[in-house]
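**Q** Sequence below, structure please.
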Amino acid sequence: MATVTPEQVMKILELTDSLELHREAVVIPLLKRNGGGVAVLSDRRLQITVPSDRAFDEWFVELRDKLANIDLTTILH
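**A** Residues are numbered from 1 along each chain as shown. This is a model prediction of the structure:
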């Protein structure tokens, strides 16, 4: 199973920090999953799943755009 590296977690958290999301409101599963994804959980946290079938850097470039299409005001701050 492919796992998310500490460096990748920090890069994602730096991005969510720039969007002023509290780190406790961001969930990053440590296991990569086919397709990855971004979702708002029922407890008003943001889950960001890193894909296992794409290069991280390629996917990360698109992550900001994906987050821009989500109403982040519903996420706990």
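**Q** alpha carbons only for contacts and neighbour counts from here, please
**A** Noted.
**Q** Okay, now the unreliable bits of this protein?
**A** By pLDDT under 70, the weakly predicted segments of the chain are 76-77.
**Q** Can you show me the strands along it?
**A** Along the chain, counting by DSSP state E, strands occupy 26-27, 37-40, 46-49.
**Q** what pairs with the last one, and is each one parallel or antiparallel?
**A** Right, the one you point to is strand 46-49. Each strand paired with strand 46-49, and its direction, by DSSP bridges: strand 26-27 (parallel), strand 37-40 (antiparallel).
**Q** neighbours of Asn34, just the number please.
**A** 11 (other Cα atoms under 10 Å).
**Q** thinking again about what came up before, looking at the strands of the chain, which is nearest to Gln8?
**A** strand 46-49 (11.3 Å; Cα to Cα).
**Q** which residue is nearest the middle of this structure?
**A** Ile48 (2.8 Å; Cα atoms, centre = their mean).
**Q** ok, now which ones touch that one?
**A** By Cα atoms under 8 Å, 6 or more residues apart in numbering, the contact list for Ile48 reads Val26, Val27, Ile28, Pro29, Gly36, Gly37, Val38, Ala39.
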